[in-house]
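Any chance you can model this:
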Amino acid sequence: MTKFQIDKTDQKILSFLVKNARMPFLEIARECGVSGAAIHQRVKKMESIGIITGSRLLVKPQALGLNVCAFVGVQLSQASKYSEVIDQFKKISEVVECHFVTGTHALLVKLFCFNHDHLMNILINTIQNIPYVEKTETWVSLDQAIERQIWVKDYPNQE
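Okay, the predicted model is just below:
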């Protein structure tokens, strides 16, 4: 794995971009005390070595009527069929995250639905009908207490 070493200026640039990916490079340059060209070069370098993997627009699910956030723990009948199950989850638009995890469940899936009936329909008629899905356990989120990107600080190289 490639080792990344970033300096204080890179950390500052990342902290601004994590908070607002649309922040103009000239504004970041003023905050960092360097030229706009230097910010552009540093961002391009961090993109080329894989520290920055893109930027995205965030949409509040509730603004679209997606009022139920749920997490589904999925047990598989055959762990070796993991990729086939993931391929099926990719086809479900309500699924926004899927993690292969340790513990009782093989997968932890995050999804958004319009209401509880919609969630029940997705669980019973879609997820539980995926081949190799043996059992599910569902948790409904009552509130998202923290939402943020990774905390940007000086991470030491991992040997």
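
where are the low-confidence patches of the chain?
1-4, 151-159 (pLDDT under 70).

For the chain, which segments are assigned as strands?
68-76, 95-100, 107-113, 133-141 (DSSP state E).

domain assignment for the chain?
Domains of the chain are assigned by automatic domain parsing as 8-48, 61-141.

Including mean neighbour count and distance to residue 148, could those go into JSON lines?
Glycine gets a C-beta too; all of them are placed from N, C-alpha and C. Compiled in JSON lines, those are given as follows (neighbours: other CB atoms under 10 Å; distance: least, CB to CB, whole Å):
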{"stretch": "domain 8-48", "mean neighbour count": "15", "distance to residue 148": "8"}
{"stretch": "domain 61-141", "mean neighbour count": "15", "distance to residue 148": "15"}
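
Using CSV, lay out the ones you listed together with distance to residue 147.
Output for those, formatted as CSV (distance: least, CB to CB, whole Å):
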stretch, distance to residue 147
domain 8-48, 12
domain 61-141, 11
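
Which of those sits closest to residue 150?
Closest approach to residue 150 among the domains of the chain (CB to CB): domain 8-48, 7.0 Å.

any idea how far that closest one is from the chain center?
Counting by CA atoms, centre = their mean, to the nearest Å, domain 8-48 is centred 22 Å from the centre of its parent chain.

Same check on stretch 69-85?
That offset, for stretch 69-85, works out to 18 Å (CA atoms, centre = their mean).

Can I get it in CSV, CA atoms only?
Once non-C-alpha atoms are left out, stretch 69-85 reads as follows in CSV (Å, rounded to 0.1, in the frame of the first residue of the first chain):
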residue,chain,number,x,y,z
CYS,A,69,-33.3,5.4,7.6
ALA,A,70,-32.6,1.8,8.5
PHE,A,71,-29.7,-0.5,8.9
VAL,A,72,-30.0,-4.2,8.0
GLY,A,73,-27.7,-6.9,9.2
VAL,A,74,-27.6,-9.7,6.7
GLN,A,75,-26.6,-13.3,7.3
LEU,A,76,-25.6,-15.3,4.3
SER,A,77,-26.1,-19.0,3.8
GLN,A,78,-22.8,-19.2,2.0
ALA,A,79,-20.2,-16.6,2.6
SER,A,80,-18.5,-17.4,-0.6
LYS,A,81,-21.5,-16.0,-2.5
TYR,A,82,-20.7,-12.5,-1.1
SER,A,83,-20.1,-10.9,-4.5
GLU,A,84,-23.3,-12.3,-6.0
VAL,A,85,-25.3,-10.9,-3.1
